[in-house]
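Visitor: sequence? don't have it. structure:
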């Protein structure tokens, strides 16, 4: 690079002052600026997509929006009722198990230990059906939630 490549001839401004030349941005500054611009553009696109989704909802007639809400509330109510039924059946089955255990002079601790062994057998054995008492759909449902269920039924 010659000296003439790095010299800049500055023209005076109309008021007679001399402007101070600005240094060219470094490669890192240019890269950072480009990266920030790309991130900003990506965020703008994300917000645009979100806005379009909300606009689609708002373009629906109010009756349709409320119908969707009613369907969701109905489904949530059905799951809530199912949960209550499940809890009730579990309590009843526990009571039956404890009554039968008492008749056979088996302790509650032993009943709980057996239940844990059976639960772990279902969770950890791919072909465990407990003598055919578990339907394939139930096994598939259990399989989808194995990680959560293993936390619930871990021993110790």
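Guide: That came through, no problem. Note that the coordinates shown come from a computational prediction; the quantities given were computed from them, not determined experimentally.
Visitor: helices of this structure, residue ranges please.
Guide: Using DSSP state H, the helices of the chain run over residues 3-6, 27-59, 62-103, 108-124, 136-144, 146-152.
Visitor: now the phi/psi pair for residue 105, please.
Guide: When quoted as degrees, to the nearest 10, the phi and psi of residue 105 stand at phi 60, psi 40.
Visitor: and for it, the neighbour number?
Guide: Residue neighbour count, defined by other Cβ atoms under 10 Å, stands at 7 for residue 105. For every residue, glycine as well, the C-beta is placed using N, CA and C.
Visitor: that one and residue 116, how far apart?
Guide: 20 Å (Cβ to Cβ, to the nearest Å).
Visitor: likewise for residue 23?
Guide: Taking Cβ to Cβ as the measure, residue 23 falls 72 Å from residue 116.
Visitor: between those two, which has more neighbouring residues?
Guide: residue 116 (13 against 6).
Visitor: worst-scoring helix or strand of the chain, pLDDT-wise?
Guide: Ranked by mean pLDDT, DSSP states H and E, the weakest helix or strand in the chain is helix 3-6, scoring a mean of 63.
Visitor: rewinding a little: closest to residue 17 out of the helices of the chain?
Guide: helix 3-6 (23.0 Å; Cβ to Cβ).
Visitor: re the thing from before, quick one, which of the helices of the chain is nearest to residue 13?
Guide: Comparing the helices of the chain by Cβ to Cβ, helix 3-6 comes nearest, at 22.6 Å.
Visitor: where does the prediction get shaky in this protein?
Guide: 1-6, 126-131, 153-156 (pLDDT under 70).
Visitor: 90 instead?
Guide: 1-33, 53-75, 77-79, 82-83, 86-87, 89-90, 112, 114-156 (pLDDT under 90).
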